[in-house]
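1. have a look at this prediction, sequence included:
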Amino acid sequence: MLEKMKELICNYVDVEPEAITEDSRFIEDLGFNSFDFMSLLGEMENELGITVDEQEVVNIHTVGEAVKYIESRKA
């Protein structure tokens with residue numbers, strides 16, 4: 001799931017996949033803005049077949065947190 005997340009992230013920001021870790025923060029480390037992040041969430045819904053709860057995603061700050069969230073939604 002981490003590799004898929006890296007692939008999606010690279011569609012939005014100019015970062016090499018190898019530079020993305022579970023501890024990478026979307027805004028501070030990867031350069032996301034709120035619009036990019038919301039677009040990424042929409043793409044996650046489409047690509048991964050999950051439903052994102054906007055109330056819950058406000059607590060997602062790192063790639064690792066996003067991966068855990070996705071895995072919990074797919075279960």
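-> Arrived safely, thanks for sending.
2. can we go C-alpha only for contacts and neighbour counts from here?
-> OK.
3. can you give the contact residues for stretch 18-27?
-> 2, 6, 30, 32-33, 37, 61-65 (Cα atoms under 8 Å, 6 or more residues apart in numbering).
4. of those residues - the most surrounded one?
-> Taking other Cα atoms under 10 Å as the neighbour criterion, Val63 ranks highest of the contacts of stretch 18-27 with 21 neighbours.
5. ok, now which ones touch it?
-> Val63 touches 2, 5, 20-26, counting by Cα under 8 Å, 6+ apart.
6. tell me the buried residues within those residues.
-> Those of the contacts of Val63 that meet the buried threshold are 5, 20, 24-26, by 16 or more other Cα atoms under 10 Å.
7. mind checking what helix or strand follows the lengthiest helix in the chain in sequence?
-> If you go by DSSP state H, the chain has its longest helix at helix 34-48. Downstream of helix 34-48, the next assigned helix or strand under DSSP states H and E is helix 54-57.
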